[in-house]
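Chemist: The sequence and its predicted three-dimensional model are supplied below.
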Amino acid sequence: MNDDELSGRLREAAEAHRPDRARMLARIERGMAGDRPAPRSVRPPRAVRPWLRVAGATAAVCGVLAAGAFAVTSAADDDRARGGQVASAPSATATAPHSPAAKAPGGLRPEDGPLWTGGVVDPHSNAYWAQSNVTLRTTEPLSALTVELRVAQTGGVNSTGSWRSLPEPDFTVSVDENGGFLVYRWTLRAGRTVPAGTHTFAGQYNHAEGDRDATDDSVTAHAVRASGGKAAVGDHFGRSR
């Protein structure tokens with residue numbers, strides 16, 4: 001069969017073919033229905049419940065407070081670790097009276113009428129040197145006064161000076177060693193007066209290296225009131241450097 005004959009037969013076959021239009025449309029519709037995606041519902045975002053927001057905020061605040069407290073505590077622990085201490089300057093402010101049952105040399109007590117005394121080791125003292133502060137308080141003027149500070153000889157104790165808050169020309173001062181004590185004595189000059197108020201007397205001294213036991217140190221004061229009558233007081237020191 002030549003080419004002309006083949007072409008003629010193909011044309012005849014094509015002309016004789018009648019497609020089934022209804023069947024073709026049905027197949028197309030079935031195909032389109034199968035390819036269409038099923039509709040999907042979209043869930044709206046879930047709202048954050050109010051109590052969850054409050055709980056979150058509370059947790060955040062607690063965290064900040066906890067961090068701040070830790071910082072303060074750490075700072076305080078660091079200071080204690082370094083042993084930092086600020087020593088206060090000597091003051092003429094009277095300390096609280098000791099118990100009336102506590103007696104100094106001669107059976108004296110810290111308070112007698114208008115007169116009161118107390119003794120402490122100054123906080124500026126160290127392992128080689130110390131200052132003993134005597135506080136004397138009087139509610140009346142005094143026409144005569146002798147203050148005596150006795151520092152026990154615990155080893156290497158020797159005087160390095162003394163001072164008082166009252167005017168220097170009003171007193172005579174002496175320092176002696178007597179019976180195992182370094183004795184400082186301030187005596188009011190004749191014709192002078194100690195005014196009512198709080199006054200300080202201090203003795204300074206070197207001592208053997210280390211913590212010094214001041215338990216045996218003491219102070220006594222004998223006075224005459226300007227209005228008449230006498231008063232005498234005394235006090236013991238405590239353990240200190």
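Modeler: Cool, got the structure.

Chemist: shaky segments in the chain?
Modeler: 1-103, 238-241 (pLDDT under 70).

Chemist: Could I get the full set of helices for it?
Modeler: For the chain, applying DSSP state H gives helices covering 3-16, 21-35, 50-82.

Chemist: How many residues are close by S159?
Modeler: 16 (other CB atoms under 10 Å). Where you see a C-beta, it was placed from the backbone N, CA and C, and this is true even at glycine.

Chemist: show me what contacts the spatially closest residue to it that is not a sequence neighbour?
Modeler: Spatial nearest neighbour of S159, excluding adjacent residues (CB to CB, 6 or more residues apart in numbering): V175 at 4.7 Å. Applying CB atoms under 8 Å, 6 or more residues apart in numbering, we find V175 in contact with S159, S162, L182, V183, Y184, R185, G203.

Chemist: Does the residue lying closest to the last one once chain neighbours are set aside have any beta-bridge partners, and if so which?
Modeler: Excluding the flanking residues, the one nearest G203 by CB to CB, 6+ apart is Y184, at 4.1 Å. With DSSP bridges applied, Y184 shows beta-bridge pairing to L149, V175.

Chemist: give the contact list for Y184.
Modeler: Taking CB under 8 Å, 6+ apart, one finds E148, L149, V151, S159, S162, V173, S174, V175, F201, G203 in contact with Y184.

Chemist: Okay, now stretch 118-130: how far is its last residue from its first?
Modeler: 17 Å (CA to CA, to the nearest Å).

Chemist: where along this structure do the strands fall?
Modeler: 111-112, 115-121, 129-138, 142-152, 158-164, 171-178, 181-188, 197-206, 218-225, 230-236 (DSSP state E).

Chemist: Out of those, which gets nearest to A104?
Modeler: Minimum separation from A104 across the strands of the chain (CB to CB) falls at strand 230-236, 2.6 Å.

Chemist: Give me the helices and strands touching the closest one, please.
Modeler: strand 111-112, strand 115-121, strand 218-225 (3 or more CB pairs under 8 Å, 6 or more residues apart in numbering; DSSP states H and E).

Chemist: Serialize these to CSV and add fields for mean neighbour count and distance to T138.
Modeler: Below are those laid out as CSV (neighbours: other CB atoms under 10 Å; distance: least, CB to CB, whole Å):
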stretch, mean neighbour count, distance to T138
strand 111-112, 17, 10
strand 115-121, 23, 5
strand 218-225, 22, 7
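
Chemist: okay if I get these as JSON lines plus distance to N133?
Modeler: Formatted as JSON lines, those follow (distance: least, CB to CB, whole Å):
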{"stretch": "strand 111-112", "distance to N133": "18"}
{"stretch": "strand 115-121", "distance to N133": "5"}
{"stretch": "strand 218-225", "distance to N133": "9"}
